[in-house]
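1. Quick one: sequence plus predicted model below, questions after.
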Amino acid sequence: MTDFLSKIEVMKTSVAVIKQNVENLEQLYNSSLETINDAQSKQISVQLNNEMDTIAKQSKDIQLQLLSMDKENRKLSSKLQPSDLRIRQTQQVTLTKSFMDTMNKYRDIQTKYQRKYKERMEKQYLVVNPNTTENEIARLLESGELGQVFAQELIEKSSKSTEAKAALQEVQERHQEIVKIEQTVLELQQLFIDMQVLVKNQGEIINQIEYQVVAANENTEKGVEELKEAVVYQVI
C-alpha cells in the first residue's frame, strides 16, 4: 500500500504540472494575440508549439498510468482487504477526476483560441480583400486554404503595401497555429474516447464504495443496538 500511495503522490504532482502548463499556454495565447512585433510573434509561436507538445506527452503518460492502475485494482479486488481496496479505488477516482478536469480545461482553451485566431485571420484577410463576404471567408477557413489564397492574391496585386505584407505574414502564422490547435483537439477527442471506459468503471466503483459505506454504517448501528440489548439483559 505504501508503494501505491507513493505512486499516487507522484501522479498528483504530474497532473499539477499539466495544469500549470495549461495555464502557461493560455498566457502565451493572450500574448500572441496582443503582440505586434514580428520577432516576438515568432518566439511565442515556438513556445506555443513546445508547450502543446509537452502537454500532449504528459497527458498521455498519465492516461496510461491511470488505465494501468484501474487494471491492477481490478486484478487485486479479490485479494485485498476491503478497506485497502476502498483506499486504492478512492485514490484512483479522485486522481482521474482531477486529470479529466484539467484536460477539459485544456480542450476549452484550445477551442476558445482556435476561434479567436480565426477571427483574427478574417480581419487580416479583409485588409487586403475588403469586399470579401463572410461566407467566402468562412469557406476558406473551413477548407484551410485561407493562407494560401491570401498569399496568391497578394502576389497578384500590383500594389503591395507594407500593411498588406504584414497582414499576409500574420495570416500565414495564424494558419499554422490553427492547424496545430486542430491537431491537439483531435488528440484530445481520442483521449476522452479512450478514457470513457475508465470513467464508466469508476462510476461503478463509486456506487460500490457508497454501498460499502452504507453497509458499514448499518452494521455499526446494528452492533450498537445488540450491545444495548446485551447490557439490558445483563442488568436484568
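-> Cool, got the structure. Numbering: from 1, shown residues only.

2. going forward, measure contacts between C-alpha atoms and count neighbours the same way
-> OK.

3. who touches the residue nearest to the spatial centre of the chain in this structure?
-> In the chain, the centroid-proximal residue (CA atoms, centre = their mean) is residue 103; its distance is 1.7 Å. Applying CA atoms under 8 Å, 6 or more residues apart in numbering, one finds that residue 103 lies in contact with residue 188.

4. in which helix or strand would I find it?
-> Taking DSSP states H and E as the definition, residue 103 sits inside helix 82-128.

5. for that helix, the distance to its chain's centre please.
-> Computed by CA atoms, centre = their mean, to the nearest Å, the separation of helix 82-128 from the middle of its chain amounts to 3 Å.

6. could you point out which element follows that helix?
-> Toward the C-terminal end, the helix or strand that comes next after helix 82-128 (DSSP H and E) is helix 134-143.

7. quick one: buried residues of that following helix?
-> Across helix 134-143, burial judged by 16 or more other CA atoms under 10 Å covers 137, 140-141.

8. What angle do helix 134-143 and the helix holding residue 103 make with each other?
-> Orientation check (axes from the mean of the first three to the mean of the last three CA atoms, to 10 degrees): helix 82-128 against helix 134-143 gives 130 degrees.

9. i'd like the first residue to be 10 from this point on
-> Sure, I'll start counting at 10 from here, so that last one is helix 91-137.

10. now the buried residues of helix 143-152 as JSON lines including pLDDT?
-> Listed next are the buried residues of helix 143-152 as JSON lines, based on pLDDT from 0 to 100:
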{"residue": "146", "pLDDT": "74"}
{"residue": "149", "pLDDT": "72"}
{"residue": "150", "pLDDT": "70"}
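
11. between those, which is nearest residue 73?
-> Of all the buried residues of helix 143-152, residue 73 sits closest to residue 150, with 35.0 Å by CA to CA.

12. so who does the closest one touch?
-> residue 127.

13. quick one: the closest residue to residue 86 other than its chain neighbours and residue 14, what's the gap?
-> The shortest distance from residue 86 to any residue that is not its chain neighbour, by CA to CA, 6 or more residues apart in numbering, is 6.4 Å, and that residue is residue 94. Computed with CA to CA, to the nearest Å, the distance linking residue 94 and residue 14 is 12 Å.

14. same thing with residue 67?
-> Relative to residue 14, residue 67 is positioned 20 Å away (criterion: CA to CA).

15. and the nearest residue to residue 146 once chain neighbours are set aside, how many residues sit next to it?
-> Using CA to CA, 6+ apart and skipping residues adjacent in sequence, the residue nearest residue 146 is residue 131, 6.7 Å away. Other residues within reach of residue 131, judged by other CA atoms under 10 Å, total 19.

16. any low-confidence regions in the chain?
-> 45, 152-178, 211-245 (pLDDT under 70).

17. Repeat the analysis, applying 50 as the threshold.
-> Low-confidence segments of the chain, defined by pLDDT under 50, are located at 167, 221-225, 228-229, 232-233, 235-237, 239-245.

18. Which residue ranges of it form helices?
-> Listed in chain order, the helices of the chain (DSSP state H) span residues 11-43, 47-85, 91-137, 143-152, 155-165, 171-244.

19. tell me the most buried of the ones you listed?
-> Between the helices of the chain, the one whose residues have the most neighbours on average, counting mean count of other CA atoms under 10 Å, is helix 91-137 (a mean of 17).

20. just the angle between that helix and helix 47-85, please?
-> Between the axes of helix 91-137 and helix 47-85, defined by the same axes, to 10 degrees, the angle is 160 degrees.
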